[in-house]
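# Need a 3D model of the following:
(one chain, ligands or ions: 2)
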Amino acid sequence: MEQFGVIGLAVMGKNLALNIHSRGYSVAGFSIDKPEVDALAKYQDDKLKPTYTWEEFVNSLEKPRKILIMIKAGKPVDMTLDKLKDLLEPGDIVIDGGNSNFHDTQRRFEELGKYGIHFIGMGVSGGEEGALHGPALMPGGDKEAFEKVRPILEAIAAKTEDGRPCVSYIGPESSGHYVKMVHNGIEYAIMQEVSEVYDLLRTVSGKSNEEMSEIFGKWYQGDLHAYLIEITSKVLQQKDDLTSDYVIDHILNVASYKGTGNWMLEDGVALGAPISVIAEAVIGRFMSKQTTREGSAPKFDGQAPADLVENLEKALNLAQAVAYAQGFQQLTMAAEAYKWELRYQSIAQNWEAGCIIRSNMLQDIEKAYDENGKLQVLFQAPYFKSLMEKNLPALRAVVKLAADAGIPTPTLSASLNYLESIFNPNLPANMIQGQRDYFGAHTYYRNDREGVFHTEWYEEK
Ligand SMILES: NC(=O)C1=CN([C@@H]2O[C@H](COP(=O)(O)OP(=O)(O)OC[C@H]3O[C@@H](n4cnc5c(N)ncnc54)[C@H](OP(=O)(O)O)[C@@H]3O)[C@@H](O)[C@H]2O)C=CC1
Ligand SMILES: O=C(CO)[C@H](O)[C@H](O)COP(=O)(O)O
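Numbering: from 1, shown residues only. Ligands and ions are numbered 1, 2, ... in the order given. Just a heads-up that it's a prediction; the model follows:
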């Protein structure tokens, strides 16, 4: 009997199955796609069992069964669970490791509970490499069931610099998939920030791809030690297969998406979370499709400022912190709204290795929440307060330069606006309230006395 089962043997499922197998567990694999199962069969390993029917798969597993579903999110997961619930027994454990919408996970958690089947919605990040060698895992749902699969998950997960596994119980219900959704929102934000910095480097300073690759490579060795910075350097130096040029210069500038960042924005709006940078990153992808391309690309005729590269590094470092800050701010608001007890320092730890948004800065975030788990805003923590004081002039200079040059910087500008607003006691929302009360008698609160007020702004005609 096999100790663990994986359904879906495409990029992620196959590599996770191999990862689990490499830690000494026996694994049964199944997919509705026969060639995927054939690919597993090619390993000819006693502890890696290919199965070709639902029944063969389920019956090959020791009880209570532990099954990871790693397939396309949405309807396919419902169809798979529908099939499984007739074949499984109370006490069996099903983990959905795909990028499922947390609303779906909530519904599935409740539905499977009726059959006595334990359900875990688990965010997985790290792509193909991570799945094989160590992903970041974000399991949420049934705590008791989590404890039963914990040894396997800890064995396959990435490890932090000091050897701790990048997996911990996130919280009840759909909180695991919620945290993965927020991970992806942060991912969208940092990717857009990096692309804006790339745009400034190429347009203002006229740097070549090789030079830019070197700059990002150098940043990666310093404060910006982050996976997305590392791969940016690699993307910039990659030669094309079809021409003698760099491939980056032939990639169509239209950004695709599967929607996890959009979901974060949807829930952020529902909660009233000020996640402006993530919103701009999502909209940046829309804009890349919707721009009419009728204008001409911005050109910079002047002399690039001598401190441009240094300022861009500082600006990007601070903007990256804002992306994380907004993600954690939405998590704190979601925890309150959905009554989840989230441990932010563990979430930061989960993201320190294996996942797409991994960076050294997450160690500072872990420390910040370790010292004060009730931070409303990450920049209240001493480390981030001082980072803000140190790097804000550079971010301001970069946004000003971009505005003067006509180069759009939606996320860098939104980062600056967030930082200018988040501690500001004098935002002009009093004017909005005055206008609302004027046209709609919506009433307002006062800053000098309790109660709800309305002004008769004009005489009725
Ligand atoms: N790729 C990545 O970097 C990451 C992906 N993820 C998530 O992991 C999951 C798997 O991703 P990935 O490996 O890239 O593959 P895909 O998202 O492309 O999903 C492919 C798998 O889903 C199966 N599938 C599709 N429809 C059904 C169905 N109706 N019933 C049963 N199985 C079905 C496919 O079988 P068939 O070939 O027959 O269609 C195949 O095995 C997704 O939710 C994805 O969002 C998470 C982190 C990173
Ligand atoms: O979850 C992931 C990484 O963390 C997947 O790669 C996801 O597909 C990325 O999102 P999108 O396709 O919308 O860019």
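# Can you report how many residues lie near P90?
Counted with other Cβ atoms under 10 Å, residues neighbouring P90 total 9. Any C-beta I mention is one placed from the backbone N, CA and C, and that applies to glycine too.
# Name the residues of the stretch 101-250 of the chain found near ligand 1, please.
Where proximity means Cβ under 6 Å from any ligand atom, the interface of the stretch 101-250 of the chain facing ligand 1 comprises V124, S125, G127.
# Can you tell me which of these has the most neighbours?
Counting by other Cβ under 10 Å, top hit in those: V124 with 28 neighbours.
# Residue of the stretch 51-200 of the chain closest to ligand 1, please.
Relative to ligand 1, the nearest point of the stretch 51-200 of the chain is G98 (2.6 Å; Cβ to the nearest ligand atom).
# same deal with the stretch 301-450 of the chain?
Taking Cβ to the nearest ligand atom as the measure, the point where the stretch 301-450 of the chain comes nearest ligand 1 is I356, at 7.9 Å.
# swap in the stretch 151-300 of the chain?
The stretch 151-300 of the chain approaches ligand 1 most closely through K258 (6.1 Å), counting by Cβ to the nearest ligand atom.
# That residue: helix or strand, and which one exactly?
In this assignment (DSSP states H and E), K258 forms part of neither any helix nor any strand.
# Contacts only, for it.
Applying Cβ atoms under 8 Å, 6 or more residues apart in numbering, one finds that K258 lies in contact with A73, N99.
# Could you report the neighbour count for Q106?
Summarising burial for Q106: neighbours were counted as other Cβ under 10 Å, giving 19.
# For the remainder of this discussion, apply numbering that starts at 438.
Renumbered: residue one is now 438, and that last one reads Q543.
# out of everything not next to it in sequence, what's closest to it?
Nearest-residue entry for Q543: S611, 4.2 Å, with adjacent residues in sequence omitted and distances by Cβ to Cβ, 6 or more residues apart in numbering.
# quick one: the one you found and F546 touch, right?
Yes - look at S611 against F546 with Cβ atoms under 8 Å: they come within range, at 6.4 Å.
# For the lengthiest strand in the chain, name the packing helices and strands.
In the chain, taking DSSP state E as the definition, the longest strand is strand 555-562. Using 3 or more Cβ pairs under 8 Å, 6 or more residues apart in numbering; DSSP states H and E as the contact definition, the elements that strand 555-562 packs against are strand 530-533, helix 539-550, strand 573-578, helix 580-593, helix 612-641.
# and that strand, is it in reach of ligand 2?
Yes - part of strand 555-562 sits close enough to ligand 2 to count as contact by Cβ under 6 Å from any ligand atom, namely S562.
# the inter-axis angle of that strand versus helix 580-593?
With axes from the mean of the first three to the mean of the last three Cα atoms, to 10 degrees as the criterion, the two stretches strand 555-562 and helix 580-593 enclose an angle of 30 degrees.
# how about a markdown table for the residues of the stretch 538-687 of the chain next to ligand 1, with pLDDT added?
What follows is these, written out as a markdown table (pLDDT from 0 to 100):
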| residue | pLDDT |
| --- | --- |
| V561 | 98 |
| S562 | 97 |
| G564 | 95 |
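# Out of those residues, flag the one nearest to ligand 2.
If you rank these by distance to ligand 2 using Cβ to the nearest ligand atom, S562 comes first, at 4.2 Å.
# Check the secondary structure at the nearest residue to the closest one once chain neighbours are set aside for me.
With Cβ to Cβ, 6+ apart as the criterion, S562 has its nearest non-adjacent residue at 3.6 Å, and that residue is C792. C792 carries the three-state label coil when classified by DSSP: H, G, I helix; E, B strand; the rest coil.
# gap between C792 and R873?
Between C792 and R873 the distance is 42 Å, computed by Cβ to Cβ, to the nearest Å.
# OK, contacts around the residue in the stretch 738-887 of the chain positioned nearest to ligand 2?
Distance from ligand 2 to each residue of the stretch 738-887 of the chain (Cβ to the nearest ligand atom) is smallest for I793, at 4.4 Å. Counting by Cβ under 8 Å, 6+ apart, I793 touches S562, G563, G564, H620, E624, Y664, L665.
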